[in-house]
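Asker: structure, please.
(2 chains)
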There are 2 protein chains.
Amino acid sequence: MNTVIPHATHDTQTATPHAAAQSGIQEWHRIVADSDWEKLSDLLADDVVFRNPSTFEPYQGKGPMQAILPAVFSVLEDFKYLRHFGSAAGYVLEFSASIGDEQVMGVDLVEFNDDGKIIDFMVMMRPASVVLTLSAEVGKRIAAAQASAK
Amino acid sequence: MNTVIPHATHDTQTATPHAAAQSGIQEWHRIVADSDWEKLSDLLADDVVFRNPSTFEPYQGKGPMQAILPAVFSVLEDFKYLRHFGSAAGYVLEFSASIGDEQVMGVDLVEFNDDGKIIDFMVMMRPASVVLTLSAEVGKRIAAAQASAK
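Answerer: Numbers count the residues shown, from 1 in each chain, chains lettered A, B, ... in the order given. Just a heads-up that it's a prediction; the model follows:
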């Protein structure tokens, strides 16, 4: 049974991101390029929502992103941003990377508030099997980092 | 070892899709809403590339999309398009859906040529575990359809 929900209209005219979102995405690219994760907190709204590729339930607040993203970027190799897509308040950043012998492609869906802070950050990747490999490795590194911080 | 490849510049000014892409995405939404899969062929370039969520290697040509997409939409329930993002030649369409008791979120990255035909169609979904469930079910339905067509 096909249960597609019909829509009256779809915007075919997409908007371009507002000025604060443009500044925010520049700072995001700088943090990634420089691995400057200590500055990530300043780019996040206090109630930021983080949606990772491996579990459906989102994370709330800055803490999970600050723990997870550095670990993810330490596992991914040859990380490279490709196409960019925009909406009024956000971007989709397409990327490619590898994990060992496996190649992945993914997207970051990043939404900003009027202050240029990230309020919603969703990551999806393909192929799904490699996402599970990545997720397991990231979990190990976060556990190791927390153990060594004690 | 972090191997982020540095970039000189990133476009923070995203473009809006060209007129033929706007017409094309309207026809895509119509096909999905009406389940009018027989008309999908007219919207695809002969050398269209289809990148699915479960395997890295892309499919070439119209055949795979014409077999796989109707099967995917027959498995997904409560399918709904959400945010739209644009670039000069394409769109990212975010969607939500469910499979049995499981919820999924996903994106279609759709790129058009100057004739308004789709030349590249990439799908990603989260969570990864449900993508594998979906992929197995879609495989069964395609095999059943091919068996009954003999």
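
Asker: which other helices and strands contact the helix with the most length in chain A?
Answerer: Criterion DSSP state H: the longest helix present in chain A is helix A:128-149. Contacts defined by 3 or more C-beta pairs under 8 Å, 6 or more residues apart in numbering or on different chains; DSSP states H and E place helix A:128-149 against helix A:62-75, strand A:90-99, strand A:102-112, helix B:128-149. For glycine as for every other residue, the C-beta is placed from the backbone atoms N, C-alpha and C.

Asker: could you dump the ones you listed to a markdown table with mean pLDDT, mean neighbour count and distance to residue A:19?
Answerer: Output for the helices and strands packed on helix A:128-149, formatted as a markdown table (pLDDT from 0 to 100; neighbours: other C-beta atoms under 10 Å in any protein chain shown; distance: least, C-beta to C-beta, whole Å):
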| stretch | mean pLDDT | mean neighbour count | distance to residue A:19 |
| --- | --- | --- | --- |
| helix A:62-75 | 95 | 18 | 23 |
| strand A:90-99 | 96 | 21 | 13 |
| strand A:102-112 | 97 | 20 | 10 |
| helix B:128-149 | 89 | 16 | 35 |
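
Asker: possible to save these as JSON lines with distance to residue A:132?
Answerer: Output for those, formatted as JSON lines (distance: least, C-beta to C-beta, whole Å):
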{"stretch": "helix A:62-75", "distance to residue A:132": "13"}
{"stretch": "strand A:90-99", "distance to residue A:132": "11"}
{"stretch": "strand A:102-112", "distance to residue A:132": "11"}
{"stretch": "helix B:128-149", "distance to residue A:132": "5"}
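
Asker: do you know which of those lies nearest residue B:29?
Answerer: For the helices and strands packed on helix A:128-149, proximity to residue B:29 was assessed by C-beta to C-beta; strand A:90-99 is nearest, at 18.1 Å.

Asker: thought residue A:77 was touching residue A:98?
Answerer: Yes. Residue A:77 sits in contact with residue A:98 when judged by C-beta atoms under 8 Å, with a separation of 5.0 Å.

Asker: which of the helices and strands packed on helix A:128-149 sits closest to residue A:13?
Answerer: Closest approach to residue A:13 among the helices and strands packed on helix A:128-149 is made by strand A:90-99 (16.1 Å; C-beta to C-beta).

Asker: which residues touch that closest one?
Answerer: In this structure, residues lying in contact with strand A:90-99 by C-beta atoms under 8 Å, 6 or more residues apart in numbering or on different chains are A:17, A:21, A:25, A:75-86, A:103-112, A:120, A:130, A:133-134, A:137, B:14, B:83, B:85, B:92, B:107, B:109.

Asker: then stretch A:121-133?
Answerer: For stretch A:121-133, with C-beta under 8 Å, 6+ apart as the criterion, the contacting residues are A:48-54, A:65, A:99, A:102, A:104-111, A:134, B:51-56, B:105-107, B:122-126, B:128-129, B:131-132, B:135.

Asker: ok, back up a step: for residue B:35, which of the helices and strands packed on helix A:128-149 is the nearest?
Answerer: Set against residue B:35 and scored by C-beta to C-beta, these come closest in helix B:128-149, at 14.3 Å.

Asker: how far does that closest one sit from the chain's center?
Answerer: Averaged C-alpha coordinates place helix B:128-149 at 16 Å from its chain's average position (C-alpha atoms, centre = their mean, to the nearest Å).

Asker: quick one, it and helix A:128-149 angle?
Answerer: Orientation of helix B:128-149 against helix A:128-149 (axes from the mean of the first three to the mean of the last three C-alpha atoms, to 10 degrees) gives an angle of 170 degrees.

Asker: helix B:128-149 vs strand B:102-112, what angle?
Answerer: Orientation of helix B:128-149 against strand B:102-112 (the same axes, to 10 degrees) gives an angle of 70 degrees.

Asker: just the CA coordinates for helix B:128-149, please, in PDB.
Answerer: Once non-C-alpha atoms are left out, helix B:128-149 reads as follows in PDB (Å, rounded to 0.1, in the frame of the first residue of the first chain):
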ATOM      1  CA  ALA B 128      21.500   3.000   8.900                       C
ATOM      2  CA  SER B 129      20.000  -0.100  10.400                       C
ATOM      3  CA  VAL B 130      16.600   0.600   9.000                       C
ATOM      4  CA  VAL B 131      18.200   1.300   5.600                       C
ATOM      5  CA  LEU B 132      19.400  -2.300   5.600                       C
ATOM      6  CA  THR B 133      15.800  -3.600   6.500                       C
ATOM      7  CA  LEU B 134      14.400  -1.500   3.700                       C
ATOM      8  CA  SER B 135      17.000  -2.700   1.200                       C
ATOM      9  CA  ALA B 136      16.200  -6.300   1.900                       C
ATOM     10  CA  GLU B 137      12.500  -5.800   1.500                       C
ATOM     11  CA  VAL B 138      12.900  -3.800  -1.700                       C
ATOM     12  CA  GLY B 139      15.100  -6.600  -3.100                       C
ATOM     13  CA  LYS B 140      12.300  -9.200  -2.300                       C
ATOM     14  CA  ARG B 141       9.700  -7.100  -4.000                       C
ATOM     15  CA  ILE B 142      11.800  -6.500  -7.200                       C
ATOM     16  CA  ALA B 143      12.500 -10.300  -7.400                       C
ATOM     17  CA  ALA B 144       8.800 -11.100  -7.000                       C
ATOM     18  CA  ALA B 145       7.800  -8.500  -9.700                       C
ATOM     19  CA  GLN B 146      10.400  -9.900 -12.100                       C
ATOM     20  CA  ALA B 147       9.200 -13.500 -11.400                       C
ATOM     21  CA  SER B 148       5.600 -12.600 -12.000                       C
ATOM     22  CA  ALA B 149       6.500 -10.700 -15.200                       C
END
